[in-house]
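Chemist: one predicted model, sequence on top.
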Amino acid sequence: MGTNTAVPMDNAPVIEEALFGPGLEMSGYALFLTPDAEYDDSWGGGIALDYYFNTNFALGASAEWADVEAPGGSSSVGGVYAANATYRFPIGMVAPYLLVGGGVQDFGGSTEITARGGAGLQVALTSQFGLFGDWIYNFPGGGGGDDDFQDFQEVRFGLRFAF
């Protein structure tokens, strides 16, 4: 007769590195936009698609929209459409990151080229799902000069899915 040996079960959740590994990630988010003095602070939302070539480096695109209100009370939906490069630093279930990019913005019918840079934090809740929050500083016209818009900031927070 054999002896029964009990094998202890580890009930701790296992977070695979899928969210912080190479591959495609899709994000949906809310954003708070602080445009220049021409407009009041605005809320909006957006989507992003990023491809991570390894655990750290990604190239991606984002599209975001916000309802901006001019001092006279007129309102319009404006958008920022950008390509971004992201570098993240995974530490366990969290991954701080930096991003830089550029694109175009259209607020109130005026289109402007913009450069941007920011920082954020991503938290893995499962192997393919997480939360993130970040801050981005935008430089319309590439910064400086006679721009239609002054520099503005945005704060984004939302959900991120890895495929």
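Modeler: It's in.
Chemist: any regions of the protein where pLDDT drops low?
Modeler: The chain contains residues with pLDDT under 70 at 1-19, 35-41, 69-75, 108, 142-149.
Chemist: strands of that one, residue ranges please.
Modeler: Listed in chain order, the strands of the chain (DSSP state E) span 23-34, 42-52, 57-69, 75-88, 94-107, 110-124, 129-140, 152-162.
Chemist: can you list the ones you listed in JSON lines and add mean neighbour count?
Modeler: For glycine as for every other residue, the C-beta is placed from the backbone atoms N, C-alpha and C. Rendered in JSON lines, the data for the strands of the chain read as follows (neighbours: other CB atoms under 10 Å):
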{"stretch": "strand 23-34", "mean neighbour count": "17"}
{"stretch": "strand 42-52", "mean neighbour count": "17"}
{"stretch": "strand 57-69", "mean neighbour count": "18"}
{"stretch": "strand 75-88", "mean neighbour count": "18"}
{"stretch": "strand 94-107", "mean neighbour count": "18"}
{"stretch": "strand 110-124", "mean neighbour count": "17"}
{"stretch": "strand 129-140", "mean neighbour count": "19"}
{"stretch": "strand 152-162", "mean neighbour count": "18"}
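Chemist: E154 and G133 touch, don't they?
Modeler: No - using CB atoms under 8 Å, E154 is not in contact with G133, being 11.4 Å away.
Chemist: distance of M26 from F161?
Modeler: According to CB to CB, to the nearest Å, M26 stands 5 Å off from F161.
Chemist: if we can go back for a sec, need the residues touching each of E154 and G133.
Modeler: Common neighbours of E154 and G133 are not found (criterion: CB atoms under 8 Å, 6 or more residues apart in numbering).
Chemist: excluding chain neighbours, what is closest to F89?
Modeler: Taking CB to CB, 6 or more residues apart in numbering, and ignoring the residues beside it in sequence, F89 has P96 as its nearest neighbour in space, at 5.2 Å.
Chemist: OK, contacts around the one you found?
Modeler: P96 touches 88-89, 119-122, counting by CB under 8 Å, 6+ apart.
Chemist: which residues does A48 bridge with?
Modeler: S27, S62 (DSSP bridges).
Chemist: for F157, see how far away it is.
Modeler: Relative to F157, and taking CB to CB, A48 is found at 12 Å.
Chemist: then T111?
Modeler: On the measure of CB to CB, T111 and F157 end up 27 Å apart.
Chemist: same question for F132.
Modeler: F132 sits 7 Å away from F157, going by CB to CB.
Chemist: return the member of the contacts of P96 nearest to Y81.
Modeler: G120 (18.9 Å; CB to CB).
Chemist: please consider this matter closed, and thank you.
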